[in-house]
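Colleague: Mind folding the following:
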Amino acid sequence: MTFVDEVKSAVTVRAALLVTGVLGLMVAFIASYAGAFHSPKPKDVPFGVVAPAQISAQAVQRLNAIPGGALDARAVKDPAAATRQLRDRDIDGALIVDPRSTTDTLLVAGGGGASLSQAVELVVTAIEKAEQRTVKVVDIAPAHRDDARGLSSFYLVVGWCVGGYLCAAILAISHGARPANTQRAVIRLAALAVYSIAAGLLGALIIGPVLGALPGSYPGLAGLGALVVFAVGATTLAFQGLAGIIGIGLAILVVVVLGNPSAGGAYPYPLLPPFWKAIGPALPPGAGTWVARSIAYFRGNAVTGPLLVLSAWAVGGAVVTLVMAGLRKKDERAGDDPLEVGAGAGTGA
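Modeller: Next up, the predicted model:
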């Protein structure tokens, strides 16, 4: 064979298309991460203002008039209400105005992300300085001393997500990229469920009791981990059922390329550009990171929505996996894919 013949034999059209797809995935990875992180700016940060009635409206208007719309300020009745809203994650900061003094109090919650609380502090300090006032910062939910910049929850969820799609990929490609029948799909989902429980327990054990990097309920974090891993794994199996081995790339696109930079980890949602801010809460990494931080620093508040998001990915992924397996079985009975039927005969899960 000539060299050209060797090249034609070695580089098939399918291989070329897969390599081109990987190249596109790499470009998307760079564009997504750089787009999300290259210029973080606070935008419409939910913010409370506690001030006497006669100046409350003026104070709110002044903060909302900041160039660039950094804060979305609203009046709050008293300091107790502001603290409660911060713990409920309804707001990300609050200014308590003291008309009898030149010093006001800024309430923040560092456990929700150090970059966000620092951004709020910088904005409010600049406004106060312009009016010849000073501000005292009080962190009502500080990050743990071993949780650098409040990122441990994000890293924990990213690890669970990686484990979820890798496990699903291994389960699927071990006997072909598409489930040959419903029974095999059920076995894979069951194996994924067992793996998810183990991953949740071990991940929570490492981040909490072993490293002491994240406080909060161990059972709560372990349960979250099991849900995150199963949601990502079931989604990966569903993509593989729909698109074969290309489904692995689709799972990476959704979870890693789009999900990680929009998760609110390094930069919480109010610091992200509009696109990433919009998609983050709807993807597993973002929903998981939010719940992990709530468990660790906010007494488990404001987790219903994100848990429903994760449950939707888990249930949806499992349903699509089973449906595609059933359709695949019908195709094989009809003789649409005789080569793969022969290859899959007698194989296990």
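
Colleague: Can you pull the poorly scored residue ranges out of this protein?
Modeller: For the chain, applying pLDDT under 70 flags the ranges 1, 175-180, 329-349.

Colleague: Look at stretch 200-211 and report the distance between its end residues.
Modeller: 16 Å (CA to CA, to the nearest Å).

Colleague: Residues touching it, excluding its own?
Modeller: 146, 152, 156, 159-160, 163, 213-216, 218, 221-229 (CB atoms under 8 Å, 6 or more residues apart in numbering). For the C-beta atoms, the positions are set from N, CA and C on the backbone; glycine is no exception.

Colleague: buried sites along that stretch?
Modeller: With burial defined by 16 or more other CB atoms under 10 Å, the residues of stretch 200-211 counted as buried are G200, L201, L202, G203, A204, I207, G208.

Colleague: Likewise for stretch 104-118?
Modeller: 104-117.

Colleague: Closest to R299 out of those residues?
Modeller: Distance to R299 across the buried residues of stretch 104-118 (CB to CB) is lowest for G111, with 10.6 Å.

Colleague: how near is the nearest residue to that closest one once chain neighbours are set aside to G112?
Modeller: Leaving aside its sequence neighbours, G111 sits nearest to Y297 (CB to CB, 6 or more residues apart in numbering; 2.8 Å). Distance of Y297 to G112, given as CB to CB, to the nearest Å: 7 Å.

Colleague: Identify the contacts common to the two.
Modeller: A141, G150.

Colleague: List the residues that contact Q132.
Modeller: Q132 touches T102, counting by CB under 8 Å, 6+ apart.

Colleague: Assign it to helix, strand or coil.
Modeller: Put simply, Q132 is coil when judged by DSSP: H, G, I helix; E, B strand; the rest coil.

Colleague: V60 too?
Modeller: Quick answer, by three-state DSSP: V60 is helix.

Colleague: For it, which residues are in contact?
Modeller: Contacts of V60 by CB under 8 Å, 6+ apart are V49, A73, R74, A75.

Colleague: Give me the contact list for the helix or strand encompassing A251.
Modeller: Following DSSP states H and E, one finds A251 within helix 246-252. Helix 246-252 is contacted by residues 18, 21-22, 25, 165, 168-169, 172-173, 177, 232, 235-236, 238-243 when judged by CB under 8 Å, 6+ apart.

Colleague: let's see it at 10 Å
Modeller: Residues outside helix 246-252 that contact it (CB atoms under 10 Å, 6 or more residues apart in numbering) are 17-18, 21-22, 24-25, 28-29, 161-162, 164-166, 168-169, 172-173, 177-178, 232-233, 235-243, 257-259, 317, 324.

Colleague: Drop anything exposed from those residues.
Modeller: Here, 16+ other CB under 10 Å leaves 29, 161-162, 164-165, 168-169, 172, 177-178, 232-233, 235-241, 243, 257-259, 317, 324 buried among those.

Colleague: Just those residues: which are in helices?
Modeller: Counting by DSSP state H, the buried ones among the contacts of helix 246-252 place 29, 161-162, 164-165, 168-169, 172, 232-233, 235-241, 243, 317, 324 in helices.

Colleague: Could you give the separation of whichever strand or helix holds A204 from the chain centroid?
Modeller: For A204, the element it lies in under DSSP H and E is helix 182-205. Distance, stretch centre to chain centre, for helix 182-205: 20 Å (CA atoms, centre = their mean, to the nearest Å).

Colleague: how near is A213 to S152?
Modeller: 4 Å.

Colleague: ok, the closest residue in space to G305 that isn't next to it in sequence - contacts?
Modeller: Leaving aside its chain neighbours, G305 sits nearest to P281 (7.5 Å; criterion: CB to CB, 6+ apart). Residues in contact with P281 (CB under 10 Å, 6+ apart) are S262, A263, G264, Y269, A287, T289, W290, G305, P306, V309.

Colleague: could you pull out the strands for the chain?
Modeller: Using DSSP state E, the strands found in the chain span residues 45-50, 71-75, 93-96, 103-108, 134-139.

Colleague: what lines up beside the last one in the sheet?
Modeller: Using DSSP bridges, the strands paired with strand 134-139 in its sheet are strand 103-108 (parallel).

Colleague: P42 touches G113, doesn't it?
Modeller: No: using CB atoms under 10 Å, P42 makes no contact with G113, being 11.4 Å away.

Colleague: for the contacts of P281, which one is nearest R133?
Modeller: Y269 (28.8 Å).

Colleague: quick one on the thing from earlier: possible to save the buried residues of stretch 200-211 as TSV with distance to N301?
Modeller: Shown next, in TSV, are the buried residues of stretch 200-211 (distance: CB to CB, whole Å):
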residue	distance to N301
G200	21
L201	24
L202	26
G203	22
A204	19
I207	20
G208	19
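
Colleague: For I127, state which of these is nearest.
Modeller: Nearest to I127 among those, with distances taken as CB to CB, is I207, at 37.2 Å.

Colleague: now the closest one: how far from Y218?
Modeller: For I207, the distance to Y218 - CB to CB - is 9 Å.

Colleague: try L271
Modeller: Distance from L271 to Y218, by CB to CB: 30 Å.

Colleague: which one of the two has more residues nearby?
Modeller: Using other CB atoms under 10 Å as the criterion, L271 and Y218 rank with L271 on top: 22 against 16.

Colleague: Just to check, the more buried one is in contact with G113?
Modeller: Yes: under the criterion of CB under 10 Å, L271 makes contact with G113 at 8.1 Å.
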